[in-house]
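**Student:** coords below, sequence missing:
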């Protein structure tokens, strides 16, 4: 890594943040976690002391927490990038997580927040990169594939908008962590933006089959259902079924496919095959 100093990790108790902290610790790299809740950090069992800062409510505390930073990773929502840029030392390199949701046809508060962060980094001229992952699966406590498996446990037939023909390109959590580590290793000149995604492009119908097999279940037959009907059903929140938000149903109606050549070239990252990542996900405790 270019500077070899400690990495300030903002959002260290979140799924991606904690996974990164474990990976940095395994590398012998010093970590300075920046969190809102010390008890929550202490509950992770990691030994390094954390610094307290609220990204929105206390800019003075954030400035103090980042005063000695040379490498900063923001794994909290990218809408916080303006606050980080305003308080971080000018020489600190920034690596942040965004989302490919900024490319959706139906932007929501999450997507608009990522776009706001991306614009702030671009205007800042700072050295760093905003990584935009596709749907992340496989983190400890992650519920994307777990909710899908739970749904298939309860339903003999799986209703999907349009029959599940839209394509997705999910990325395994460990590959997200590897991407962040590679981004920390790279010397960025000015602000950059980079999509990180899995190597498998599959229809959502086939994705459900992969999940079923990894979870030890028989794949469920798919019943095509109009998107508007499933959105209405999601608003009713049927008892006994995992909670699915209407916006999640709507996003199943669009392709989410991206070119990963820049990821491979700039980060040297070869993504884990989907079947392998899912097998390891369901084998992993928690």
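**Tutor:** Okay, I see it. Owing to the predicted nature of the structure, the values given are computational and were not obtained by experimental measurement. Numbering: from 1, shown residues only.
**Student:** after the longest helix along the chain comes which helix or strand?
**Tutor:** When the chain is parsed with DSSP state H, its longest helix is helix 109-124. Using DSSP states H and E, the helix or strand that follows helix 109-124 in sequence is strand 128-133.
**Student:** any idea how far residue 249 is from residue 243?
**Tutor:** For residue 243, the distance to residue 249 (Cβ to Cβ, to the nearest Å) stands at 12 Å. For every residue, glycine as well, the C-beta is placed using N, CA and C.
**Student:** which residues in this structure form helices?
**Tutor:** Remark: helices assigned in the chain by DSSP H are 15-26, 38-42, 59-65, 81-87, 109-124, 144-154, 173-185, 204-214, 227-236, 246-251, 261-267, 274-283.
**Student:** which of the residues in the first one are buried?
**Tutor:** The one in question is helix 15-26. Neighbour-count burial for helix 15-26, counted by 16 or more other Cβ atoms under 10 Å, picks out 15-21, 23-24.
**Student:** Which two among the residues you listed are spaced furthest apart?
**Tutor:** Greatest spatial distance in the buried residues of helix 15-26: 15 and 24, 15.2 Å, computed using Cβ to Cβ.
**Student:** Summarise which helices and strands the longest helix of the chain is packed against.
**Tutor:** Judged by 3 or more Cβ pairs under 8 Å, 6 or more residues apart in numbering; DSSP states H and E, helix 109-124 is in contact with helix 81-87, strand 93-97, strand 128-133, strand 191-196.
**Student:** Name the residues that touch the shortest one?
**Tutor:** The reference is to strand 93-97. 2-3, 16, 70-75, 78, 81, 84-85, 88, 117, 121, 126-131, 133, 176, 180, 183-184, 188 (Cβ atoms under 8 Å, 6 or more residues apart in numbering).
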